[in-house]
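Asker: build me a model:
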Amino acid sequence: MAKDKLRHAIIGCGGMAGGHINACKELKQKGLDIFDLVAVCDVDENRASGFAQRAGEFQDGLKPKIYTDYKKLLEKEQIDSADICTDHRTHSIIAVECLKAGAHAMCEKPMGITVKACQQMIDVAKERGKIVAVAENYRRGLGARAVKLALENGVIGSPQLYLQGGVGSRDDNITTVWRHHKLDAGDGTILDNGVHDSDLMYYWLGEVDEVYGVAFSFAPEKYRRDNKGKIIERTYNDVHDGGFAIFKFANGAVGQWSPAYWCGHGESSHLGIWLYGSKGVIKGGEAILDDGSRVNMEKYFKENANDELKEKCFPHGITDGVTHEVYDFMNCILTGGTPETDGVMGLKAVAIAYSLIEASCLGQPVKVKDVESGKIDKWQSEINESLGL
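Answerer: Predicted coordinates for the structure are as follows:
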């Protein structure tokens, strides 16, 4: 790319978008002046205005233009890159419009609310010669990087068992109504939170071959409450609040995944991540080996990663995962590289999560490759139809 500075936009200024504008600020403070945030957009003008004010403070007074309609933003601004932090349903809709308008696009997770929506984004990006990426920060932490290196170096031998999950406290005091509606969110916690889990599985262990799962929902209604606990809004719930799955990985390992994050009562229970190999287990930030020795994972990375790997994992000393994903996206646009979590990675994370749901719908195991290809889409078909896919 000829230019050395991007005209950047943030579309969606609520919730997780706060982490993205903080990332822009950190990059500027580190002297990585590779972009100007020239436009911000949100249906709530006050939120967009707040982002513009914050950006002006770290851009030497350069305040981005404020929009409440992303289509008008694309019409009036020639942007190079768009960071999309809207509700889940509109990720693919807005990304496709951005790509067609000539801008590279990165979406918050999940990349799309169906596998076909993700594939559409990949196809349009390829047609237009643009990058599409997904904002995935979990794999970028020191702990996750350390596990990856330890597995590659055979610290616990050959991977054999993978256990992950938890039961969250009851979710009857919701803040975002749309997350509990199938056509708006795709699914509940299995997709929403679960794509973080599935991305880590893939990052550490590679392809998932087969999945059998049971998805469930115990709450037909969800509520919003005021600060005194009084119900101020009721809404229907037609997504899953949790699930249990058994996985077979292509490398021979097997796994149990329990993303029951929205359905517990009384007290939540975090099962953590336990990764067993032929010589030991990684859990709680340590590798515990058969000989009784213990290896602190973060210390292991610091002592065993070479300078090239450290710079790749934490470029310019960036340790915040959101800052890294934003930098990686922008840097790849400028250098012609491929983002670590590109569209292919985003689709795979969505497909692994949906494999649990599709297996539950069919009452039988499914091959992840069949979910990735769209061959199996019993749960997703209604959503695809609503998207015109």
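
Asker: state the three-state secondary structure for the closest residue to Asn304 other than its chain neighbours.
Answerer: Closest residue to Asn304 in three dimensions, ignoring its sequence neighbours and counting by C-beta to C-beta, 6 or more residues apart in numbering: Leu149, at 6.4 Å. Quick note: C-beta positions are derived from backbone N, CA and C, even for glycine. Assigned by DSSP: H, G, I helix; E, B strand; the rest coil, the conformation of Leu149 is helix.

Asker: what ranges do the helices span in the stretch 201-350 of the chain?
Answerer: With DSSP state H, counting those that start in this stretch as the criterion, the stretch 201-350 of the chain has helices at 297-304, 307-313, 321-335, 343-362.

Asker: what average pLDDT does the longest one get?
Answerer: The predicted model assigns helix 343-362 a mean pLDDT of 98.

Asker: parallel or antiparallel, list what pairs with the very next helix or strand once past that helix.
Answerer: Downstream of helix 343-362, the first helix or strand assigned by DSSP states H and E is strand 366-367. Here strand 366-367 is paired, per DSSP bridges, with strand 208-216 (antiparallel).

Asker: list the contacts of the strand it pairs with.
Answerer: The contact list for strand 208-216 (C-beta atoms under 8 Å, 6 or more residues apart in numbering) reads 187, 190, 198, 201-202, 240-250, 257, 263, 352, 355-357, 359-361, 364-369.

Asker: just the buried ones from those residues?
Answerer: 187, 190, 198, 201-202, 240-249, 257, 263, 352, 355-357, 359-361, 365-369 (16 or more other C-beta atoms under 10 Å).

Asker: tell me what the helix or strand hosting Phe51 is packed against?
Answerer: Taking DSSP H and E as the criterion, Phe51 maps to helix 45-58. Counting by 3 or more C-beta pairs under 8 Å, 6 or more residues apart in numbering; DSSP states H and E, the packing neighbours recorded for helix 45-58 are helix 17-29, strand 35-41, strand 65-67.

Asker: for Trp274, find the nearest of these.
Answerer: Proximity to Trp274 (C-beta to C-beta) singles out helix 17-29 among the helices and strands packed on helix 45-58, at 28.2 Å.

Asker: what angle do that closest one and strand 35-41 make?
Answerer: With axes from the mean of the first three to the mean of the last three C-alpha atoms, to 10 degrees as the basis, helix 17-29 and strand 35-41 are set at 160 degrees to each other.

Asker: now helix 17-29: average pLDDT?
Answerer: Mean per-residue pLDDT for helix 17-29: 97.

Asker: got the angle between that helix and helix 321-335?
Answerer: Using the same axes, to 10 degrees: helix 17-29 against helix 321-335 is 60 degrees.
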